[in-house]
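**Q** The sequence and its predicted three-dimensional model are supplied below.
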Amino acid sequence: MKNLEIRQLEPTDLEVFLRYTADWKTDTSLFKIDETSIYNEISKGNFADWQKQIRREEIEVRNPDWSTCTKYFAFVGGEIAGVCSCRWQIEKGILLEWGGHIGYGVAPSFRGAHLAAQMVTFALEKYRERGIFSVMISADKDNVASRKTIEQCGGVLENIVDIDGNKVCRYWIDLR
């Protein structure tokens, strides 16, 4: 996509970030930002603190079951279109079971432009740079768009697991 930039947030991104979170509140899919989420706290003036926290999570986590993680945001025409989280330690918590290395989401008004595939491709390069050549990504069985994205990026379905009544597809991507 033209004018696509994938990067970490900067302190000057507050206004576009607030528009991004407002866009998510229009979502009618399975994922929703609830009214108590960190995104709502940011609107109360904690953006700089939250940025520091997500940067700290690249090297240190607050819970031993969590992985270190880097969040990258996709910008299109200066607006945030999506987020991609690279979780570096799949052996932590539930990540190996069903969470995966990569989590991503595209805001409702930017869907249909294949941004998710571009974000996953970007993330895969970050794993390759770190010497991680086997990457797991999961998607709800009913999330056909996400499953197509993963398959387009080389994902091979390993299995489908039941997580509290929700069917989750586990894919692996070989980067060698």
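**A** Cool, got the structure.

**Q** need the strands for the protein, in chain order.
**A** Applying DSSP state E to the chain gives strands spanning 4-7, 69-76, 79-87, 102-106, 134-140, 156-163, 166-174.

**Q** Output the ones you listed in TSV, with mean neighbour count appended to each entry.
**A** Any C-beta I mention is one placed from the backbone N, CA and C, and that applies to glycine too. Below are these laid out as TSV (neighbours: other Cβ atoms under 10 Å):
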stretch	mean neighbour count
strand 4-7	14
strand 69-76	19
strand 79-87	22
strand 102-106	22
strand 134-140	21
strand 156-163	12
strand 166-174	17
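
**Q** Help me confirm that Trp24 comes into contact with Val106.
**A** No: contact status for Trp24 versus Val106: not in contact, 9.9 Å apart, counting by Cβ atoms under 8 Å.

**Q** lowest average confidence, helix or strand, in the protein?
**A** Using mean pLDDT, DSSP states H and E, the weakest-scoring helix or strand in the chain turns out to be helix 38-41, at a mean of 58.

**Q** buried set for the single longest helix found in the chain?
**A** As assigned by DSSP state H, the longest helix anywhere in the chain is helix 115-129. Buried residues in helix 115-129, counting neighbours by 16 or more other Cβ atoms under 10 Å, are found at Leu115, Ala116, Ala117, Gln118, Met119, Val120, Phe122, Ala123, Leu124, Lys126, Tyr127.

**Q** Adding pLDDT as columns, could you present the residues you listed in a markdown table?
**A** Shown next, in a markdown table, are these (pLDDT from 0 to 100):
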| residue | pLDDT |
| --- | --- |
| Leu115 | 95 |
| Ala116 | 96 |
| Ala117 | 96 |
| Gln118 | 97 |
| Met119 | 97 |
| Val120 | 98 |
| Phe122 | 98 |
| Ala123 | 98 |
| Leu124 | 98 |
| Lys126 | 98 |
| Tyr127 | 98 |
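
**Q** Name all residues that make contact with Thr121.
**A** Cys153 (Cβ atoms under 8 Å, 6 or more residues apart in numbering).

**Q** any idea how far it lies from Gly154?
**A** Applying Cβ to Cβ, to the nearest Å, the value for Thr121 to Gly154 is 9 Å.

**Q** cool, and Ile94?
**A** 23 Å.

**Q** didn't Arg147 look like it was pressed against Cys169?
**A** Yes: the pair Arg147 / Cys169 is scored as a contact, 6.0 Å apart, by Cβ under 8 Å.
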